[in-house]
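Participant: I'd like to go over a predicted model; first the sequence, then the structure.
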Amino acid sequence: MSGFKMKQSDQLVLKQRGGAVVFLESEEDFQIVAKRWFFDEGQEVFFQPADTYEQGTGGGGCKAVIDLVEQARVNGINAFGLVDRDVLLNDHKWPLWWQDQDVEFLSARPYGDNIRVLLRWELENYLLDPDAMATVANDTRMISTHTVDSATAFCLNCADELKDRSATTVAAIAANVPSPAVGFGCNPMRIGAALTGELQQFLAKQGVTNAAAVLLDHRKRIDRFDAPTAPALNRWERLVRMLDGKAALKYVSHRTGIRFDERRAEIARRMREQGAVPPELRGYVEEFKNAA
């Protein structure tokens, strides 16, 4: 057990409230999931950002959620947690991390029955929603020319760069060295071989032996999540599972000149309005309600 502690007063409030208590990794996740996607759950579901319980370290994250759920359930609270897929990456749970078959992945319970691991790398991956992105792009520039097809196309135009960028993050974490900053390759903008070369240099400077080969190996694993012959939108929905979410959102934002990374709340709200709240998350929330 780590230093994530719940005060007795907090435990009492949660226990008396009833329903399902769902811990999220951060206040930012709370603003998206609780305030923009599931704000109408009433007394049945009570979302809590885990970083409000970690005193003095400014944290939160997957481990906080897992610890807090355990503590809450010991105290008789119907607690559950949602954590990003990258918890598997950080814990080096490689077989499940690289599992590209959704049914097998979703049936796994690596952290117990009360923790659900997202199918995609992190919450930002779900915000890479072409329909909502097109709406936000149009509203930002007071135009009406962007469509779901054009938004999907400009996301896929970045596919090679996003794969290499994500492969670098995996390679760094696998080697237990720092991973690239979220904005790596964005300022100045790097495209194609220029970005790949800089990513290889980054890994080499971190002490990763045979950096080019290591990057290529992880890139090939990410390629398994792609579906190049599928219709564009279906292809994007499959590929986006295994992309470094925050980095991908920032890179697409800089590449297109539309700062989607600074409009996450707006994208989330548009998704709700357009009936595009991720079905996976809806299913989890229903499971939590039924279990409570």
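Facilitator: Sure, I can see it.

Participant: tell me which element the residue nearest to Y111 when sequence neighbours are not counted falls in.
Facilitator: Leaving aside its chain neighbours, Y111 sits nearest to I66 (5.5 Å; criterion: C-beta to C-beta, 6 or more residues apart in numbering). C-beta coordinates here come from the backbone N, C-alpha and C atoms, glycine included. If you go by DSSP states H and E, I66 is part of helix 61-74.

Participant: any residues touching that helix, and which ones?
Facilitator: Helix 61-74 has contacts (C-beta atoms under 8 Å, 6 or more residues apart in numbering) with 1-2, 4-6, 11, 14, 21, 23-26, 48, 50-51, 53-54, 79-84, 86-87, 90, 111, 114-115.

Participant: show me which of these are buried.
Facilitator: 4, 6, 11, 14, 21, 23-26, 48, 50-51, 53-54, 79-84, 86-87, 111, 114-115 (16 or more other C-beta atoms under 10 Å).

Participant: mean confidence for the helix holding I66?
Facilitator: Helix 61-74 shows a mean pLDDT of 92 in the predicted model.

Participant: and what of stretch 161-176?
Facilitator: So the average pLDDT for stretch 161-176 ends up being 98.

Participant: how about stretch 122-136?
Facilitator: 98.

Participant: same deal with stretch 236-256?
Facilitator: Mean predicted lDDT for stretch 236-256 stands at 98.

Participant: endpoint to endpoint, it covers what distance?
Facilitator: 17 Å (C-alpha to C-alpha, to the nearest Å).

Participant: could you do stretch 84-104 as well?
Facilitator: 17 Å.

Participant: kindly report the same for stretch 48-63.
Facilitator: End-to-end distance (C-alpha to C-alpha), stretch 48-63: 14 Å.

Participant: returning to that earlier point: mind exporting the very next helix or strand once past the helix holding I66 as CSV, just the C-alpha atoms?
Facilitator: Using DSSP H and E, the helix or strand that follows helix 61-74 in sequence is strand 79-83. What follows is the C-alpha trace of strand 79-83 in CSV, where atoms were taken according to Å, rounded to 0.1, in the frame of the first residue of the first chain:
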residue,chain,number,x,y,z
ALA,A,79,-15.8,1.5,-4.9
PHE,A,80,-14.5,1.0,-8.4
GLY,A,81,-11.8,2.5,-10.5
LEU,A,82,-11.0,3.5,-14.1
VAL,A,83,-7.4,3.5,-15.1
